[in-house]
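>>> Would you be able to build a 3D model of this:
(one chain, ligands or ions: 1)
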Amino acid sequence: MSDLVESRADSTLAEFTADVCRRLASGLLDRTGDDLRDLVAQEVDGLRAALSDPSFLDTADAPSDPPFVSPKGYTTINTNPVTSRRNPLAPLVTIEHDGDVVEMTTTLSLPYQGPRGRVHGGYAAVLLDHVLWHAVRSRLDSVSFTRSLTITYEQALPIGTELTMTGRVTEIDGRKTFAAGEIKAGDVVCVRGEGLWVSPRPRT
Ligand SMILES: CCCCCCCCCCCC(=O)SCCNC(=O)CCNC(=O)[C@H](O)C(C)(C)COP(=O)(O)OP(=O)(O)OC[C@H]1O[C@@H](n2cnc3c(N)ncnc32)[C@H](O)[C@@H]1OP(=O)(O)O
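Numbering: from 1, shown residues only. Purely as a prediction, here's the structure:
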């Protein structure tokens with residue numbers, strides 16, 4: 001098992017700061033003038049309070065992504081731009097495995113917008129890449145990399161609505177693993193994806 005490398009309070013502060021960054025990133029896109037100043041002032045006050053008085057932070061829940069020392073001795077921080085609570089680029093997601101199916105949920109705000117009211121198509125591809133990779137990873141003993149990913153945009157993928165990403169493996173052929181899945185808003189399939197994940201050649 002791996003060891004933690006910072007205190008629980010510091011990990012909580014880091015994740016609180018990432019959440020502040022998330023709120024500011026959204027606020028910068030839907031507020032102007034005094035409204036924006038109010039938000040910035042409120043978040044700065046919160047950060048000052050969190051720095052000067054650790055009891056300001058709710059430490060009831062364990063940090064989601066504390067850095068740790070890996071079994072190989074490396075200090076590791078989850079940098080993932082989809083799942084890391086500590087990376088402000090990542091929205092907050094849930095991931096669940098149900099047998100061979102992986103399901104992920106999230107609600108995306110304005111920083112992920114492409115056309116007005118719709119998720120940027122590139123970010124929809126990011127979400128599908130991630131959920132399909134998880135489905136592949138759950139079936140293999142080794143890591144694999146996305147080799148190809150085909151995305152079909154069926155319907156507008158809405159901003160501000162809970163989205164459900166689902167992924168499953170469709171075929172395993174040696175180093176090649178094929179997977180497919182979709183993103184739904186409610187019961188509507190908005191985006192489909194299918195692709196190939198390849199494990200690196202074994203070292204000779
Ligand atoms: C838990 C915390 C962690 C958290 C970590 C979470 C990370 C999740 C991230 C999501 C996933 C990513 O983003 S991964 C990052 C993005 N992807 C990458 O960076 C990958 C870049 N590409 C590569 O590194 C390389 O191309 C590889 C390793 C994927 C494959 O190289 P290779 O080993 O030389 O492969 P190669 O021989 O050409 O192909 C292997 C086999 O696949 C076949 N093949 C190749 N392309 C195709 C194709 N389009 N359609 C059908 N078949 C194909 C070939 O014919 C061959 O078949 P045969 O002759 O063997 O039958």
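
>>> Can you pull the residues of the chain lying near the ligand?
Proximity of the chain to the ligand, by CB under 6 Å from any ligand atom, involves residues 80, 129-130, 133, 145-148, 174-176, 196, 198, 200-201. Using the backbone N, CA and C atoms, a C-beta is placed for each residue, glycine as well.

>>> of the residues you listed, buried ones?
By neighbour count, with 16 or more other CB atoms under 10 Å, the residues of the chain next to the ligand hold 129-130, 133, 196 as buried.

>>> Need the max-distance pair from the residues you listed.
When CB to CB is used, the two most widely separated members of these are H130 and L196, lying 15.6 Å apart.

>>> where exactly do the helices run in this structure?
8-30, 33-52, 121-137 (DSSP state H).

>>> So which bits of the longest one are buried?
In terms of neighbour count (16+ other CB under 10 Å), helix 8-30 has its buried residues at 11-20, 22, 24, 27.

>>> what's the domain layout of this structure?
Domain assignment for the chain by automatic domain parsing gives 3-68, 91-198.

>>> quick one: contacts for the spatially most central residue of the chain?
Nearest to the mean C-alpha position of the chain, by CA atoms, centre = their mean, lies V82 at 2.0 Å. Applying CB atoms under 8 Å, 6 or more residues apart in numbering, we find V82 in contact with 90-91, 93, 126-127, 130.

>>> Using TSV, please lay out these together with pLDDT.
Compiled in TSV, the contacts of V82 are given as follows (pLDDT from 0 to 100):
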residue	pLDDT
A90	98
P91	97
V93	97
V126	98
L127	98
H130	98
